[in-house]
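**Student:** Predicted model follows, preceded by the sequence.
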Amino acid sequence: MSAYLTSLLPAAPGILPKWLLFISVVSVFNSVQTYVSGVELTRRVYENKPLETTALSARTFGTWTVVSAVIRFYGAYYINNPQVYELTMCSYYIAAFHFASELFFYKTAKWGKGIMGPAIVATTSIIWMNLQKDYYLGL
């Protein structure tokens with residue numbers, strides 16, 4: 001069974017493609033919860049102004065997260081394609097911008113459990129992908 005599961009992992013060397021796949025899968029589960037459990041978990045991200053998080057905004061956030069997951073899934077499997085690599089990086093820049101603006105400008109989020117995960121994932125992924133760009137794109 002483990003050989004089968006291993007065969008499903010991205011073929012490109014290194015940990016970055018596996019990371020992108022992992023984040024993609026986790027993102028899908030995060031998105032599903034916005035449709036199943038409603039606003040509770042999404043309100044943890046925007047815990048400074050939880051009442052501004054509605055069922056509609058939670059589902060919209062979930063949809064946005066699925067789109068990001070699809071992009072990152074393709075990034076995991078087509079990491080040597082320059083356009084896919086750049087698009088994947090852009091998805092993290094957009095996420096970082098969103099969470100930073102909610103934290104510092106709109107003040108709907110506060111530094112805590114809800115925002116730490118997305119902020120750490122976006123920042124780590126941006127740095128990692130920038131450091132590994134030449135390796136994966138052969139530049």
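**Tutor:** Perfect, I can see it now.
**Student:** contacts, neighbours, all on C-alpha from now
**Tutor:** Fine.
**Student:** Let me know the next secondary structure element after the least confident helix or strand in the chain by mean pLDDT.
**Tutor:** Least confident helix or strand, the chain: helix 2-8 with a mean of 84, by mean pLDDT, DSSP states H and E. Next helix or strand after helix 2-8 toward the C-terminus (DSSP states H and E): helix 16-36.
**Student:** Give me the helices and strands touching that following helix, please.
**Tutor:** Secondary-structure packing of helix 16-36 (3 or more Cα pairs under 8 Å, 6 or more residues apart in numbering; DSSP states H and E): helix 40-45, helix 55-77.
**Student:** which of these has the lowest average pLDDT?
**Tutor:** Among those, helix 40-45 has the lowest mean pLDDT, at a mean of 89.
**Student:** and residue 7, how many neighbours does it have?
**Tutor:** 10 (other Cα atoms under 10 Å).
**Student:** residues in contact with it?
**Tutor:** Shown in contact with residue 7 (Cα atoms under 8 Å, 6 or more residues apart in numbering): no residues.
**Student:** Residue 102 is in contact with residue 119, isn't it?
**Tutor:** No: the criterion here is Cα atoms under 8 Å, and residue 102 misses it with residue 119 at 11.2 Å.
**Student:** Could you pull up the mean pLDDT of the longest helix seen in the chain?
**Tutor:** Across the chain, the longest stretch assigned as helix under DSSP state H is helix 113-137. For helix 113-137, mean pLDDT is 96.
**Student:** and the nearest residue to residue 128 once chain neighbours are set aside, how far is that from residue 5?
**Tutor:** Counting by Cα to Cα, 6 or more residues apart in numbering, residue 128 lies nearest to residue 16, which is 7.7 Å off, once chain neighbours are set aside. Residue 16 sits 18 Å away from residue 5, taking Cα to Cα, to the nearest Å as the criterion.
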